[in-house]
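predicted model, plus sequence, below.
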Amino acid sequence: MNAWVHLLRAALLCVLAAGLGACGSLPPARERPAQYAAPADPSTTLAKVVAASTPPGEHSGFRLMPLGVYSLDARIQLAQRAERSLVVQYYQLENDAVGRLLMRSLREAAARGVKVRILVDDLYTSKSQYLLLALSQTPNIEVRLFNPFCCGRDGFLSRFLASPQEIARLNHRMHNKLFIADGAMAVVGGRNIADEYFVLSEAQNFIDMDAVVVGKVVPQLETIFDTYWNSEQVWPIQDIVRGQGGVTPGTAEFDSWIGMAAPPPKIVLPPNDILGYGPISEELDEGRMGLLWGVAHAVADPPTKPATMSADEALATSVTMRIWERLLEAKQEVQMTSPYLVPGEKGMAAFEDLGRRKIKLVLLTNSLAANDEPLVHTGYMRYRERLLKSGADLYELSPERTTASKRFGSFGSSLGRLHAKTAAIDRSRVLIGSANLDPRSATQNTEMGMLIDSPQLARELLRVISVSRVQNSYRLRLAKGTGRLEWLTTDGEKEMVLTSEPEATFLQRFYNRLIAPIVPEMLL
């Protein structure tokens, strides 16, 4: 889930609120001692599995998680097996079936004596804040909010309306996604904690990518978490959220709301995923995992982005810039997935440079019908023809084909969308994380990810991207003679050519044509 359209509407409403004299601010910050992750304890079960799984001399190990339910199960399995610590950092942690299952697992871990630290961006907590507040009353659990709203907390727009003078601050969000157990195993990637990111929603579901991670990159990830946890942008939840009626809910309320007395819901897992792997629990039970190995570096924006810097400075030091640097180092090929693809003039110049150097560029993004942010699609539309003219192979995800293929799970009657942010460079280097190629990721949101040198991992990522391109997407081209956009798809052996935005409704097309010329790119 993203906030571009909501933030634009909120900004307009806040102008009205400012005229009416509405005002609110955060309470004074309390001093608190810095907290840091302890070194991983080699005696824990997870640490022993990692040790048994690591060949001599290897740096970091990985298991891609393209299947939503496998990725959810990985987090639950790590929470259930943790013995010392759990750190949890997310842009969205929803009060739905998936969010409650994870919070239940964290509550159970804390009851075993595991130290649990939970950091959530405050943008989407209107429905989960009381549950998180109650969870924070559990011994061994701390919950903190990133860049919180002071007032009007029970509604999305009311939060902005309560603080019209702070729109610039509130537009700065933490988009990171991270889960670490016992300092030994982590899950990193693009998924938030909500039903739709694990193909468990009845309305919409996302194709996404996470990776289970072990080895030398894990302490780097913990250091990133500690930097955020101790930053001045982060507040203990009890300093911000008040219980309904002024009464702070406790563990009894949490247990009642979550249904702790009943057995936990079971995650139904298929025998294997797209890459042929089985559930992670089987290997954890055996004490040894099959992983792919490589040299990895964790990267993240500072939590102060962009509060203490200009937009140009934020871009120059950003995860986005690290991604562009890697792309421009390509010698043969770049294949990328980005749900929101608004490269801007600088990014477009970089793509055109790849074309001039005859480097194959394959891009997969959302079609208008698949995009959950139509406003962002207007920014992407401005670059489609230039991308094709520069030589890029451009693909757009089809909701109908994604639902029909079932390669990424059973979408039922829900709408299929793309949310994975990945890249494979020269079939040897991999990028995976939270950053989109758009202005918000570049200069407003904080992002994080991993840069990995591993031909084996790149080969598996390319297999997943290939499935999405061939089975779930339209290929775009410019028609000979007219130069108009065309969308190609294959039904059996028959190729079909479409000349307008496929699967999009009249209203979607009308909205985009109407709004595209007037929305500045900086607002996307």
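Received the coordinates, thanks.

mind listing what's buried in stretch 471-483?
With burial defined by 16 or more other C-beta atoms under 10 Å, the residues of stretch 471-483 counted as buried are 471-476. For every residue, glycine as well, the C-beta is placed using N, CA and C.

wait, stretch 245-252
Of the residues in stretch 245-252, 249, 251 count as buried by neighbour count, 16+ other C-beta under 10 Å.

could I get it in CSV with only the CA atoms?
Once non-C-alpha atoms are left out, stretch 245-252 reads as follows in CSV (Å, rounded to 0.1, in the frame of the first residue of the first chain):
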residue,chain,number,x,y,z
GLY,A,245,-11.5,6.3,27.0
GLY,A,246,-8.0,7.2,28.2
VAL,A,247,-7.4,3.6,29.5
THR,A,248,-4.3,1.9,28.2
PRO,A,249,-5.2,-1.7,27.1
GLY,A,250,-2.9,-4.5,28.5
THR,A,251,-2.1,-8.0,27.7
ALA,A,252,-5.5,-9.3,28.7
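
for that stretch, what is the average pLDDT?
The predicted model assigns stretch 245-252 a mean pLDDT of 92.

just the ones of the buried residues of stretch 471-483 in helices?
Secondary structure of the buried residues of stretch 471-483 is defined by DSSP state H; positions in helices are 471-472.

now pLDDT and distance to residue 307 too, for the buried residues of stretch 471-483, in TSV please.
What follows is the buried residues of stretch 471-483, written out as TSV (pLDDT from 0 to 100; distance: C-beta to C-beta, whole Å):
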residue	pLDDT	distance to residue 307
471	91	43
472	93	39
473	96	38
474	96	40
475	97	42
476	97	39
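
closest one of the buried residues of stretch 471-483 to residue 390?
residue 476 (12.8 Å; C-beta to C-beta).

now for the nearest residue to that closest one once chain neighbours are set aside: which residues touch it?
Spatial nearest neighbour of residue 476, chain neighbours left out: residue 394 (4.4 Å); criterion: C-beta to C-beta, 6 or more residues apart in numbering. In this structure, residue 394 makes contact with 363, 365, 384, 387-388, 475-476, judged by C-beta atoms under 8 Å, 6 or more residues apart in numbering.

where does this protein dip in pLDDT?
In the predicted model of the chain, residues 1-23, 491-493, 522-524 satisfy pLDDT under 70.

how does it divide up, domain by domain?
When the chain is parsed into structural domains using automatic domain parsing, the resulting residue ranges are 4-20+59-272, 293-523.

now do whichever strand or helix holds residue 449: which elements does it pack against?
Residue 449 is part of strand 448-453 when elements are defined by DSSP states H and E. Secondary structure elements in contact with strand 448-453, counted by 3 or more C-beta pairs under 8 Å, 6 or more residues apart in numbering; DSSP states H and E, are strand 185-189, strand 292-300, helix 319-328, strand 429-433.

tabulate these (CSV), appending mean neighbour count.
Putting those into CSV (neighbours: other C-beta atoms under 10 Å) gives the following:
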stretch, mean neighbour count
strand 185-189, 27
strand 292-300, 21
helix 319-328, 19
strand 429-433, 26
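
what's the closest of those to residue 415?
Counting by C-beta to C-beta, residue 415 lies closest to strand 185-189 out of the helices and strands packed on strand 448-453; the figure is 21.1 Å.

nearest residue to residue 255 in space, please, no chain neighbours.
With C-beta to C-beta, 6+ apart as the criterion, residue 255 has its nearest non-adjacent residue at 7.1 Å, and that residue is residue 261.

how far away is the one you found from residue 474?
49 Å (C-beta to C-beta, to the nearest Å).

and what of residue 244?
As for residue 244, its distance to residue 474 is 48 Å (criterion: C-beta to C-beta).

tilt between whatever helix or strand residue 75 lives in and strand 185-189?
Assigned by DSSP H and E, residue 75 belongs to helix 68-81. Helix 68-81 and strand 185-189 meet at an angle of 150 degrees, taking axes from the mean of the first three to the mean of the last three C-alpha atoms, to 10 degrees as the criterion.

in helix 68-81, what counts as buried?
Residues of helix 68-81 classed as buried by neighbour count (16+ other C-beta under 10 Å): 68-79, 81.

any idea how far it is from the chain center?
16 Å (C-alpha atoms, centre = their mean, to the nearest Å).

what about the strands in the stretch 201-350 of the chain?
Assignment of strands within the stretch 201-350 of the chain using DSSP state E, counting those that start in this stretch yields the ranges 204-207, 210-215, 234-236, 292-300, 333-337.
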